[in-house]
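K.L.:
Here is a sequence with its predicted model. Questions after.
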Amino acid sequence: MLANNDKSEPRKQINDGLTTQLVFGIDVDDMQPGQAITIDENAFGFPIRSISNIPKGDYYVQALINRYETFKLKTGQTVKLPPDQGEGQHWNTKPGNFYSKPQKISIDPSGNKTFKVVMDQKIEPIKEPSDTKYVKHIKIQSRKLTEFYGKPTFLGAHVLLPEGFDEHPNAHYPIMIYHGHFPEDFGGFSTEAPDPKMDTSDYSDRFGIYGYNKFQKQEAFNFYKQWISKNFPRFLVIEIQHANPYYDDSYAVNSSNLGPYGDAIMYELLPEIEKKFRGIDQGWARFTYGGSTGGWEALAVQMFYADEFNGCFAACPDPVDFRSYCLVDIYKDKNAFWYESDFKKLARPAHRNYLGQIQNTMEETNHYELAIGTHSRSGQQWDIWEAVYSPQGEDGYPKRIFNKETGEIDHEVANYWKEHYDLRYILERDWKTLGPKLEGKIHIYCGDMDNYYLNNAVYLMENFLKKTNSPFYKGEVDYGDRAEHCWNGDHNNPNYISRLRYNTMYLPKILKRISESAPKGADIKSWKY
């Protein structure tokens, strides 16, 4: 990795946006201490393809090795993957990875100079969070996942307990599962108010405001005050830890490449949580919600475990219809990187702001991932979609939906995606049996200027849902005007506020759903105190 500045270490400046610095990656097998590895013009680079094309100048250079382990899978294949080490599958902060201290060098393409870099630093282990009065932590070894990966594999969760949990030992509680990216601890909840003198000079490029760190702390404290208030509903709120060798979470479904995470979460982790923390342990008392990855997961688990949940609230979900896999129709398009044309070569965008200004293209973001890891092992977005949705290849790794270098789409793989994970298609295909189980349970929200064009797939999903009958879906699809990614249905507050209020904003709809759908004799009183 090379950076033309020392604002932070080069390993912290690699991304697929306009601010990225340079990264060049190769696969290394069985590297030993003291062994020299050469990074030359053959290494795959981003955003500059070859190291020989680096412009003349001064740079800060740094090397890092993302350490893989060997897995002998239940399917019979042997693969090498980077296991999560408690950090949420991030190569540049993964405990146990070796890296070098940044050093300043001068590069002149007309010369032929070699620079020696020594990876003599090691990222330290992460301390696990401690229990508090309200937030508890649980971790189990999954039998299903251990069998799949051939070595001990664990699932964890952060559980937010309701006020009065200890004082009401006979109460049993509904459960709300908040899906999303890897949570280090339960987020957005704090029993301490921010220091009035807290520095507010930090600037959020995403939201265009100063002091967002203090704002988040204040929102977390406000949530705590609401949580303990007299008339607040008493629920269990769960955030699941299911980081895996491919990503910071598993998408909460069963997968050929990731293994049976859906069943492991549903039938191993949740029963332990409900037993230990007095969950009601019935489908009418479980709800699920989340945004982005969590939005897709909320809808997917509601569909795939239809009787086990009583409602999903899917905000800005990852593509729910692969005819709009962001800006790609994986069934009809020939190439994911380029629009089809006889004479033009027009790149497909991958990211925009609310004014439509482009920050990267499909080719760029996928080449960024390829520089970080081959065989879908970058730990990034397009690779995890591939790892979750694709069939397993003969080599044990996910089959590519498209060639990572050229963008050429494999339509045989696309058809597999369609039958197994295209949520709109599956709903339409199976509505006769799924519809009666999902009536009134599906709620989807998305900004109409979503940064990743995710609203396009939501439009297609809505087109189907509006035409359903026997039964009509009786849910909700809503859009935020000029709203970017993470819009979750709040028309009254800006995104930077509403994104911090997931755990409260859907409560009125959940309570209404419980009142309408709880079976006769159900416990709808013990948790109301």
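P.N.:
Cool, got the structure. Fair warning: this is a prediction, and the values are worked out from it, not measured in the lab.

K.L.:
Please count neighbours and contacts with C-alpha atoms only from this point.
P.N.:
OK.

K.L.:
Which residue is the nearest non-sequential neighbour of residue 1?
P.N.:
Nearest non-adjacent residue to residue 1, counting by CA to CA, 6 or more residues apart in numbering: residue 23, 4.4 Å away.

K.L.:
close enough to count as contact, the one you found and residue 49?
P.N.:
No: shown here, residue 23 and residue 49 do not form a contact pair, counting by CA atoms under 8 Å, at 9.3 Å.

K.L.:
Those two: who's more crowded?
P.N.:
residue 23 (28 against 19; other CA atoms under 10 Å).

K.L.:
Figure out how far the helix or strand hosting the more buried one is from the centre of its chain.
P.N.:
Using DSSP states H and E, residue 23 sits in strand 23-25. Remark: strand 23-25 is offset 24 Å from the chain centroid, using CA atoms, centre = their mean, to the nearest Å.

K.L.:
Run through who's touching it.
P.N.:
With contact meaning CA atoms under 8 Å, 6 or more residues apart in numbering, strand 23-25 is reached by 1-2, 14, 39, 43-47, 50-51, 371-373.

K.L.:
Which of those fall within strands?
P.N.:
Members of the contacts of strand 23-25 lying in strands (criterion: DSSP state E): 2, 44-46.

K.L.:
Tell me where this protein has helices.
P.N.:
Counting by DSSP state H, the chain has these helices, from start to end: 143-149, 212-227, 261-264, 270-276, 293-304, 362-372, 381-389, 411-421, 423-429, 431-438, 455-465, 495-498, 502-505, 507-517.

K.L.:
and among those, the most buried is which?
P.N.:
Neighbour counts (mean count of other CA atoms under 10 Å) averaged over each of the helices of the chain peak at helix 293-304, with a mean of 25.

K.L.:
can you dump the C-alpha coordinates of that helix into PDB?
P.N.:
Extracted as PDB, the C-alpha positions of helix 293-304 are listed here (Å, rounded to 0.1, in the frame of the first residue of the first chain):
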ATOM      1  CA  THR A 293     -27.400  -5.600   4.500                       C
ATOM      2  CA  GLY A 294     -29.600  -5.800   7.600                       C
ATOM      3  CA  GLY A 295     -32.600  -4.800   5.500                       C
ATOM      4  CA  TRP A 296     -32.100  -7.700   3.100                       C
ATOM      5  CA  GLU A 297     -31.600 -10.000   6.000                       C
ATOM      6  CA  ALA A 298     -34.800  -8.900   7.700                       C
ATOM      7  CA  LEU A 299     -36.800  -9.600   4.600                       C
ATOM      8  CA  ALA A 300     -35.000 -12.800   3.800                       C
ATOM      9  CA  VAL A 301     -35.400 -14.400   7.200                       C
ATOM     10  CA  GLN A 302     -39.100 -13.400   7.300                       C
ATOM     11  CA  MET A 303     -39.500 -15.200   4.000                       C
ATOM     12  CA  PHE A 304     -37.400 -18.200   4.600                       C
END
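
K.L.:
Hey, what's the angle from that helix to helix 411-421? Just curious.
P.N.:
Here the directions of helix 293-304 and helix 411-421 differ by 70 degrees (axes from the mean of the first three to the mean of the last three CA atoms, to 10 degrees).

K.L.:
Give the other helices and strands that helix 293-304 contacts.
P.N.:
Packing partners of helix 293-304 (3 or more CA pairs under 8 Å, 6 or more residues apart in numbering; DSSP states H and E): strand 175-179, strand 286-291, strand 312-315, helix 431-438.
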